[in-house]
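> Predicted model follows, preceded by the sequence.
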Amino acid sequence: MIIDSHCHAWTHWPYQPPVPDPASRGTLDQLVFEMDQNGVDRAVIICAAIDHNPANTDDVVAAARRHGERIIPFADIDCRWSPTHQTPGGGQRLRAAAARWKLRGFTHYLHEDRDAAWLVGDDGLALFRVAVELGLIASLACSWRQMPIIRRLAREFPTLPILVHHLARVRAPTEIDDVLAAATEPNIHIKFSGFGYASAEGWNFPCADMHGLARAIHDRFGADRLCWGSDYPVSRRYMTYRQSLEIVRRHCGFIAPAEMPAVLGGTMARLLSGAA
């Protein structure tokens with residue numbers, strides 16, 4: 001089974017520059033078409049209320065109902081585009097969202113250039129305490145600079161599965177030490193996604209300049225804590241959906257054949273099976 005651990009769907013394309021098809025480029029139907037063409041069985045949609053999409057979680061949940069268990073929405077909770085970002089009451093908002101949408105996980109986008117200490121302050125701890133109580137997966141958009149705080153959060157809640165987006169945004173060997181150090185916390189997992197963001201030449205598939213950093217993360221965390229993700233449709237800036245899969249499946253030669261099923265879906269399936 002192949003599971004895409006990180007993709008999106010929007011009713012209106014949220015990024016600049018403008019595109020000629022803003023009402024269709026980011027839709028769930030486009031994603032499902034790509035999944036069908038490339039043998040991807042299931043997908044986790046990371047909701048993000050960006051720009052013209054304040055009701056993104058509602059929209060995704062409604063669209064996902066047509067596909068049953070194949071599409072798993074992770075609700076956007078207090079992301080950095082939200083007026084409630086890191087304000088008091090996040091725990092109550094998460095509890096209400098989980099009841100409303102029958103969640104298995106949620107996502108929280110940090111400002112990646114800011115201090116992440118809020119995560120382990122009173123309001124942040126209240127949010128993640130509810131996540132643990134409800135058995136949810138936490139999918140976090142953060143940078144390599146914020147990994148020491150993510151480690152503290154993981155130690156505070158050792159039963160909370162944490163998924164870090166896009167190789168923790170590492171771009172150079174000088175940025176990787178705090179990411180590798182986080183491997184000491186067994187509940188931290190890394191998404192093998194976002195190669196185009198991190199590569200000096202994101203359009204230059206297969207982003208070979210990133211493979212050394214990806215290998216270091218693989219060697220420290222192990223395949224059972226890595227999850228492939230396409231970051232579709234954002235990744236269309238750099239590559240096709242198929243290429244986002246083949247970067248890992250065919251071009252990460254350091255992943256042993258016996259490990260590949262875990263990276264391509266087994267790890268994510270295990271996490272989902274343990275979620276509420």
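Noted; the coordinates are in hand.
> can you map out the helices along this protein?
28-38, 56-64, 90-101, 122-134, 147-156, 177-181, 195-198, 211-221, 241-249, 260-261, 267-274 (DSSP state H).
> For the second one, name the packing helices and strands.
Right, the one you point to is helix 56-64. Packing contacts for helix 56-64, counted by 3 or more C-beta pairs under 8 Å, 6 or more residues apart in numbering; DSSP states H and E, involve helix 28-38, strand 71-76, helix 90-101. Heads up, the C-betas are built off the backbone N, CA and C, glycines and all.
> rewinding a little: what's the most buried one of the helices of the chain?
Ranked by mean neighbour count, the helices of the chain are led by helix 195-198 with a mean of 24 (mean count of other C-beta atoms under 10 Å).
> that older thread, can you check which of the helices and strands packed on helix 56-64 gets nearest to A208?
The minimum distance between A208 and these falls on helix 28-38, with 21.6 Å, by C-beta to C-beta.
> Please list the outside residues in contact with stretch 234-249.
Outside stretch 234-249, the residues that touch it by C-beta atoms under 8 Å, 6 or more residues apart in numbering are 2, 8, 15, 25, 34-35, 37-38, 40, 192-197, 199, 202-203, 205-207, 228, 230-232, 255, 260, 263-264.
> returning to that earlier point: make CSV from the helices and strands packed on helix 56-64 and add distance to E133 and mean pLDDT to it.
Output for the helices and strands packed on helix 56-64, formatted as CSV (distance: least, C-beta to C-beta, whole Å; pLDDT from 0 to 100):
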stretch, distance to E133, mean pLDDT
helix 28-38, 30, 98
strand 71-76, 16, 98
helix 90-101, 8, 98
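> weakest of the helices of the chain by average pLDDT?
Note on the helices of the chain: helix 195-198 shows the lowest mean pLDDT, a mean of 91.
> quick one: N53 from P17, how far?
According to C-beta to C-beta, to the nearest Å, N53 and P17 sit 17 Å apart.
> Around the residue lying closest to I50 once chain neighbours are set aside, how many other residues sit close by?
Sequence neighbours aside, P14 is the residue nearest to I50 in space, at 3.9 Å (criterion: C-beta to C-beta, 6 or more residues apart in numbering). P14 is flanked by 19 other residues according to other C-beta atoms under 10 Å.
> now swap in P17 and tell me
4.
> got it, and A200?
10.
> again, but for D224
14.
> Quick one: residues contacting the closest residue in space to it that isn't next to it in sequence.
The spatial neighbour of D224 that comes closest, neighbours along the chain excluded (C-beta to C-beta, 6+ apart), is A262 at 5.2 Å. By C-beta under 8 Å, 6+ apart, A262 lies in contact with 223-224, 226.
> Can you flag which of those belong to strands?
Mapping these onto strands (DSSP state E) picks out L226.
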